[in-house]
Every structure is written in structure tokens, then in C-alpha cells.
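**Q** One predicted model, sequence on top.
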Amino acid sequence: MAEMIWHQAVTSRQLQEGLNALLATLSQKQTVLLVVDTRRLRGFRAGDEAWLKSCFMPKVNQVRVQRFARITNPDIFTEAISSNIHIDTQSQVNLSTARFFDREKALEWLLESVTGLRQQKPCRGDYRANCLI
């Protein structure tokens, strides 16, 4: 399992660098479960949304991720963007996705269909400035 936590609003370049670093980590670690906490990541710009749809989401299919939980704030703007990206990329990706407001619920959903993974130590990534650590 991999976990990425965004700690602040980022530029388009930082968003792309962070997500490309995440993809590299997912590929290297052959991760099947992913949780991303975007509560502090502010709304996407139109160009960011287009990049997520055309570049990032297709690359997710090239890694082994099977379940992707996104932790967000419970607001209508975030819901609209998340729904739009999900609808537009649904046919491109072969994984189960879900949105949560609580980390524990997200982890519970990720692990519900997988036995034996609860003991695995998660690979955590905290996004700070321009790097994934």
C-alpha cells in the first residue's frame, strides 16, 4: 500500500512532478493499493484537470494499482471536479476508485477485499515543496 499526503496548494508543475514521482514509486514497489490525501491541495486549474485526464490517469493503468482511495474535503466544488475526472476517465482505468472524507474509512475500504495486507507497512509519501519523500 502507498499513501501520498499533499500538505499545501501547489503549482501545476509541482502537481505533475509529484504525481509522476508517485507513479515511479508505485511502479518500483509494485503497489496495488493507493490512498491520496488531497484535503490541503486546493482546486485544480483547467489545465491540471486536462493533464490528469490525458496524462496521469492513462499511466495509472501501467502500474499494478487495483484500488485507489482519495481523501477530500466535503465540499461541492471538490465533488464536481472529482466526479468530472472520474466520469471522463472511467473507461481508461482498470481500478476501483472511491472518495472519502476520513482516512480510517479510506483505509478500511482499501483493505476490505484484501486479506493478509493489514500487516504490511505502508509506503508513505509526503509532498513538501517539490519532492516526494
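**A** Received, thanks. Numbering: from 1, shown residues only.
**Q** what about the helices in the chain?
**A** Secondary structure of the chain by DSSP state H: the helices cover 12-29, 46-51, 57-60, 76-89, 103-111.
**Q** wait, which of those is closest to residue 5?
**A** For those, the distance to residue 5 is smallest for helix 103-111, at 9.3 Å, taking Cβ to Cβ. From N, CA and C alone the C-beta is placed, and that goes for glycine too.
**Q** Give me the contacts around the closest one.
**A** With contact meaning Cβ atoms under 8 Å, 6 or more residues apart in numbering, helix 103-111 is reached by 1, 33-35, 37, 67, 69-71, 98, 100, 117-118.
**Q** for that helix, the distance to its chain's centre please.
**A** A distance of 13 Å separates the centroid of the chain from that of helix 103-111, by Cα atoms, centre = their mean, to the nearest Å.
**Q** send the alpha carbons of that helix over as PDB?
**A** Written as PDB, here are the backbone C-alpha positions of helix 103-111 (Å, rounded to 0.1, in the frame of the first residue of the first chain):
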ATOM      1  CA  ARG A 103      -8.600   8.500   6.400                       C
ATOM      2  CA  GLU A 104      -9.700   5.500   8.500                       C
ATOM      3  CA  LYS A 105     -12.700   4.900   6.300                       C
ATOM      4  CA  ALA A 106     -10.500   5.100   3.200                       C
ATOM      5  CA  LEU A 107      -8.100   2.500   4.600                       C
ATOM      6  CA  GLU A 108     -10.900   0.200   5.700                       C
ATOM      7  CA  TRP A 109     -12.300   0.300   2.100                       C
ATOM      8  CA  LEU A 110      -8.900  -0.300   0.600                       C
ATOM      9  CA  LEU A 111      -8.300  -3.400   2.700                       C
END
